[in-house]
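Enquirer: My questions concern the predicted model and sequence given below.
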Number of protein chains: 2
Amino acid sequence: MPHADTPGHAEDGSPWAPLRDRQRERALKREAVLRTAARMFNEKGFHATSLDEVAERLNVTKPTLYYYVSSKDEILFECVRTGLEMVRAGIDEVARSGGTAADRLLACMRAYGRVVTMDFGACVIRVGEDPLPPHSRRELRRLKAEIDHEFRNLIASGVEDGSLAPCDPKVAAFAIAGALSWIGRWYRPDGPLDADEAIERCIAVLARGIVAAPSRRPRARRAPAATPARATRRNDR
Amino acid sequence: MPHADTPGHAEDGSPWAPLRDRQRERALKREAVLRTAARMFNEKGFHATSLDEVAERLNVTKPTLYYYVSSKDEILFECVRTGLEMVRAGIDEVARSGGTAADRLLACMRAYGRVVTMDFGACVIRVGEDPLPPHSRRELRRLKAEIDHEFRNLIASGVEDGSLAPCDPKVAAFAIAGALSWIGRWYRPDGPLDADEAIERCIAVLARGIVAAPSRRPRARRAPAATPARATRRNDR
């Protein structure tokens, strides 16, 4: 058994773990740094969170953090990128499923909703790319635009196949993204709703709309004033 | 004509304008400072905007700004407060109008949408209270919570009077706020839609929902996968 006690030699008896295990451990620790930072950014804001505090929460020193990440900006970039990649992975999975465009859109909405209730997804919504330098912002906005286009295309297909109501796909995609993203702001894991229930209730509102079906609608309680009446007509188109 | 040439004496011949005019001019200039800052915060972010740049855009020096505001934090606080007060004023106006709860909710949504396409309203959405110290954040969150409760109450009334579809008023209020607030992020005055059209299209999506009425819905193009099918059932409840 040659050089079993030589540091760096990946043999039985070496105090170092095999390279593959060390790489895996490094990746796990890097993810722990990113996730802890994402939680703290989400709780108290990006600018108000120092790397000293992130290190403290992980029971390590700041120099230890720098073994895994090079800067606070890199951490935020990776948190937002990871959140967006999670959304994209969810959309890709749905693309391989069947059903009408409406079925697939609802499944994508569910995937999007789930991601924004998790650490990296909430970081996309609560912090986002604004604090980052231009080249990082561009890269993250490109990812966001890709996700937006997936939603627009799915909506356009649904209007085409009749599974979705006629609408402006661009505005509808933004309305969906806004309503679902907002969950990432208001949802609290210790609140009365669990994440899936919050997402389902939000999607139910978006799917069928807030206004009662015409047959169920009551008469106005008194003569409506000019503005709301006109407003309702415009929305009933 | 006593002391006509004494500085500060508001008589004809004084080089100083009457006090009331000076107060009005000061208020106008203060509002110009706030509005210019709000635009710059919305364009490039709060932290990336310096008061030197705000002063430069107004063709004055930074010391001149300090005659109207005491700090960058005060500017942001006032921008967000003004945006939120504009929403509240819109809601108060609707409260005095007639119609069903649905009519009034749609009118409130329209008021909210209009505000978020304007400088101070967009600042509520794009920057918000997060960069501010705790006491300012609390004050602004109190205002936000008041607006949220107005929406929830209106939705609960609409479910009660049958003008709105059955829903969870809290989640529906958040879905509406999210979809409308998102306009403040994506809307560009130089884009293809004017603000009113963008708002109407977004409200149309929220009012009637994205899914086609059951009679219009097509059959799935192939046997739907397990998850989307179950998902659709849950949303059709």
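Expert: Here it is on my side, so go on. Numbers count the residues shown, from 1 in each chain, chains lettered A, B, ... in the order given.
Enquirer: Can you tell me the SS state at residue A:204?
Expert: Following DSSP: H, G, I helix; E, B strand; the rest coil, we place residue A:204 in the helix state.
Enquirer: That one against residue B:166, yeah?
Expert: No - look at residue A:204 against residue B:166 with C-beta atoms under 8 Å: they stay out of range, at 9.4 Å. Every residue, glycine included, has its C-beta placed from N, CA and C.
Enquirer: Those two: which is more packed in?
Expert: residue A:204 (22 against 12; other C-beta atoms under 10 Å in any protein chain shown).
Enquirer: Quick check: that one vs chain B, distance?
Expert: Residue A:204 sits 5 Å away from chain B, taking C-beta to the nearest C-beta, to the nearest Å as the criterion.
Enquirer: Next, the residue nearest to the spatial centre of chain A: secondary structure please.
Expert: Closest residue to the average C-alpha location of chain A: residue A:121 at 3.0 Å, with C-alpha atoms, centre = their mean. Three-state assignment for residue A:121 (three-state DSSP): helix.
Enquirer: Excluding covalently adjacent residues, which one is nearest to it?
Expert: Nearest residue to residue A:121, sequence neighbours excluded (C-beta to C-beta, 6 or more residues apart in numbering or on different chains): residue A:115, at 3.6 Å.
Enquirer: and the one you found, what pLDDT?
Expert: With respect to pLDDT, residue A:115 scores 98.
Enquirer: Kindly report the same for the one 10 residues further on.
Expert: Model confidence at residue A:125, given as pLDDT, is 96.
Enquirer: just residue A:5 next, same as before
Expert: Per the predicted model, pLDDT is 46 at residue A:5.
Enquirer: and if you look at residue A:23?
Expert: On the pLDDT scale, residue A:23 is placed at 89.
Enquirer: is it fair to say it lies in a helix?
Expert: Yes - counting by three-state DSSP, residue A:23 is located in a helix.
Enquirer: that older thread, show me what contacts the residue nearest to the centre of chain A?
Expert: A:83, A:86, A:87, A:114, A:115, A:184 (C-beta atoms under 8 Å, 6 or more residues apart in numbering or on different chains).
Enquirer: Restricted to strands, list those.
Expert: Applying DSSP state E to those, no entry is found in strands.
Enquirer: if I pick the residue nearest to residue A:121, what's in contact with it?
Expert: So residue A:115 contacts A:83, A:86, A:87, A:90, A:121, A:124 (C-beta under 8 Å, 6+ apart).
Enquirer: Put the alpha carbons of stretch A:153-171 into CSV.
Expert: Provided in CSV are the C-alpha atoms of stretch A:153-171 (Å, rounded to 0.1, in the frame of the first residue of the first chain):
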residue,chain,number,x,y,z
ASN,A,153,-46.6,31.4,-26.5
LEU,A,154,-48.7,29.1,-24.4
ILE,A,155,-51.4,31.7,-23.9
ALA,A,156,-51.5,32.4,-27.7
SER,A,157,-51.8,28.7,-28.3
GLY,A,158,-54.6,28.4,-25.8
VAL,A,159,-56.5,31.3,-27.4
GLU,A,160,-55.9,29.6,-30.8
ASP,A,161,-57.1,26.1,-29.6
GLY,A,162,-60.1,27.7,-27.7
SER,A,163,-59.0,26.4,-24.3
LEU,A,164,-58.3,30.0,-23.1
ALA,A,165,-60.6,33.0,-23.3
PRO,A,166,-59.6,35.6,-26.0
CYS,A,167,-57.0,38.0,-24.5
ASP,A,168,-53.9,40.0,-25.3
PRO,A,169,-51.2,37.2,-24.6
LYS,A,170,-48.6,39.7,-23.6
VAL,A,171,-50.7,41.5,-21.0
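Enquirer: just checking, residue A:84 touches residue A:141?
Expert: No - shown here, residue A:84 and residue A:141 do not form a contact pair, counting by C-beta under 8 Å, at 9.9 Å.
Enquirer: which residues of chain A score low on pLDDT?
Expert: Residue ranges of chain A with pLDDT under 70: A:1-12, A:215-237.
Enquirer: for it, which helix is longest?
Expert: Secondary structure of chain A per DSSP state H: the longest helix is helix A:134-161.
Enquirer: what packs against that helix?
Expert: Counting contacts by 3 or more C-beta pairs under 8 Å, 6 or more residues apart in numbering or on different chains; DSSP states H and E, helix A:134-161 is packed against helix A:72-95, helix A:101-116, helix A:169-186.
Enquirer: how about the nearest residue to residue A:90, chain neighbours excluded?
Expert: residue A:111 (2.8 Å).
Enquirer: ok, the one you found - contacts?
Expert: A:87, A:90, A:91, A:93, A:94.
Enquirer: tally of neighbours for the fourth one?
Expert: Okay, so that is residue A:93. Neighbours around residue A:93, by other C-beta under 10 Å: 13.
Enquirer: Next one: it from residue B:160, what distance?
Expert: Going from residue A:93 to residue B:160 by C-beta to C-beta, to the nearest Å gives 40 Å.
Enquirer: swap in residue A:151?
Expert: Using C-beta to C-beta, residue A:151 is found at 34 Å from residue B:160.
Enquirer: Tell me which of the two has more neighbours.
Expert: Comparing residue A:151 with residue B:160 by neighbour count (other C-beta under 10 Å), the higher total belongs to residue A:151, at 22 against 11.
Enquirer: could you list every residue that touches the more buried one?
Expert: By C-beta under 8 Å, 6+ apart, the contact list for residue A:151 reads A:105, A:108, A:173, A:176, A:177.
Enquirer: The fourth one reaches residue A:106, doesn't it?
Expert: Think residue A:176. No - using C-beta under 8 Å, residue A:176 makes no contact with residue A:106, being 10.1 Å away.
Enquirer: Going by distance to chain B, which of the contacts of residue A:121 wins?
Expert: For the contacts of residue A:121, the minimum distance to chain B (C-beta to the nearest C-beta) is 9.3 Å, reached by residue A:184.
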